[in-house]
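Asker: compute the structure for the input listed below.
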Amino acid sequence: MMNAKFLGTVRYVVLTLAFCAGIAADGLAAEAPAPSAEDALARSIVKKADTVRFPQEGFQVDVVITTAHPGDSADVRKYRVLSKGNENSVVMVMEPASERGQIMLMKERDLWMFLPEVSQPVRLALSQRLTGQVANGDLARANFSGDYVPRLLRNETIDGEAYQVLELTAVDRSVTYQKVLYWVKQSNAWPYKAEFYSLSNRLLKTCKYQNFQSMGGKVRPTRLVMEDALRHGEQSVLDYHGMKLRELPDKIFTKDYLKKLE
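Answerer: Down below sits the predicted model:
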């Protein structure tokens, strides 16, 4: 049986280690730099631009994606998107008819595809190509403020308008792009242009936000033009229409509920 002296020594050692660990943790917390005013400004700009692009509330919107390849006829696809809080979304294929019934489900940064002929959903990457110049994450997730660490690079004047240019660095490798250069109009936080880069810092494509109209209770870009940075003339145009705010219960954004969606 352990004597009292030995137990007392053990207790002293444990308490001493716990005390030292607490001091070390406090020291690390104290050393963590507070966000600078410039960092806070950059985050605010990106967050405001996110709310311009899409509502924070639950909503439904239809998207027509037209992809053009030089010398080929245009490829047209239609989708319906249900989204809630920029963290949960469902993307349903409406056309072509041969793919109708396919559904993508996004929860935070996890993405699955439900195929009618397959019993279990298939895991997908946000960066994987959906169609043309459009990646899965371009349609399923539009949360720049949640996926990237922003840094304000400079101010630019384009056609007499002032824009703030930001560099967005991915929080991890699961997001759609590893780096984004983002132009936001200073007066109203309207997104103007984005350049998307790979992990190796190669420019993949550019996106221009166009045709601002009232949609879902706010003026938003209703057209996105994505152009391939390497293959001249290859582009995908995303046209948004029919946006309406909807109460979307959490159960919609579950794998078990996918088969019930139409």
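Asker: strands of the stretch 151-262 of the chain, start to end?
Answerer: For the stretch 151-262 of the chain, strands defined by DSSP state E, counting those that start in this stretch occupy the ranges 161-170, 179-185, 191-197, 203-215, 218-228, 235-245.
Asker: which one of those strands lies nearest to Gly85?
Answerer: strand 235-245 (12.5 Å; C-beta to C-beta). Any C-beta I mention is one placed from the backbone N, CA and C, and that applies to glycine too.
Asker: need the residues that contact that closest one.
Answerer: Residues outside strand 235-245 that contact it (C-beta atoms under 8 Å, 6 or more residues apart in numbering): 55, 57-68, 131-134, 138-139, 215-217, 220-228.
Asker: quick check: mean pLDDT of it?
Answerer: Strand 235-245 shows a mean pLDDT of 96 in the predicted model.
Asker: quick one, it and strand 218-228 angle?
Answerer: 160 degrees (axes from the mean of the first three to the mean of the last three C-alpha atoms, to 10 degrees).
Asker: next, the angle from strand 235-245 to strand 203-215.
Answerer: Relative orientation of strand 235-245 versus strand 203-215 (the same axes, to 10 degrees): 30 degrees.
Asker: residues of strand 235-245 that come out buried?
Answerer: Gln235, Ser236, Val237, Leu238, Asp239, Tyr240, Met243 (16 or more other C-beta atoms under 10 Å).
Asker: quick one: low-confidence ranges for the protein?
Answerer: Within the chain, the stretches with pLDDT under 70 are 1-35, 259-262.
Asker: name the element Leu111 belongs to?
Answerer: Element membership for Leu111, per DSSP states H and E: strand 110-114.
Asker: which is the succeeding secondary structure element to that strand?
Answerer: Using DSSP H and E, the helix or strand that follows strand 110-114 in sequence is strand 122-124.
Asker: rewinding a little: just checking: what are the partner strands of the strand holding Leu111?
Answerer: strand 103-107 (antiparallel), strand 122-124 (antiparallel) (DSSP bridges).
Asker: what is the following helix or strand past the last one packed up against?
Answerer: Scanning forward in sequence from strand 122-124, with DSSP H and E defining helices and strands, the next element found is strand 129-131. The elements that strand 129-131 packs onto, with contact taken as 3 or more C-beta pairs under 8 Å, 6 or more residues apart in numbering; DSSP states H and E, are helix 136-140.
Asker: let's see 7 Å
Answerer: On a contact count with 3 or more C-beta pairs under 7 Å, 6 or more residues apart in numbering; DSSP states H and E, strand 129-131 meets no helix or strand.
Asker: from the chain's centroid, how far away is it?
Answerer: Centroid separation between strand 129-131 and its chain, computed with C-alpha atoms, centre = their mean, to the nearest Å, is 15 Å.
Asker: buried ones in it?
Answerer: Those would be Leu130, Thr131, for strand 129-131 by 16+ other C-beta under 10 Å.
Asker: what's it in contact with?
Answerer: Contact with strand 129-131 is made by Ile65, Thr67, Arg77, Ala135, Asn136, Leu139, Ser236, as judged by C-beta atoms under 7 Å, 6 or more residues apart in numbering.
Asker: one more time with 6 Å, if that's ok
Answerer: Applying C-beta atoms under 6 Å, 6 or more residues apart in numbering, the contact partners of strand 129-131 are Ile65, Arg77, Ala135, Asn136.
Asker: TSV for those, including neighbour count and distance to Gln178?
Answerer: Output for the contacts of strand 129-131, formatted as TSV (neighbours: other C-beta atoms under 10 Å; distance: C-beta to C-beta, whole Å):
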residue	neighbour count	distance to Gln178
Ile65	22	23
Arg77	19	26
Ala135	22	12
Asn136	21	15
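Asker: I'd like to know which of those residues is nearest to Ser36.
Answerer: Nearest member of these to Ser36, counting by C-beta to C-beta, is Ala135, at 31.8 Å.
Asker: can you give me the helices in the stretch 1-150 of the chain?
Answerer: 4-31, 37-53, 136-140, 144-147 (DSSP state H, counting those that start in this stretch).
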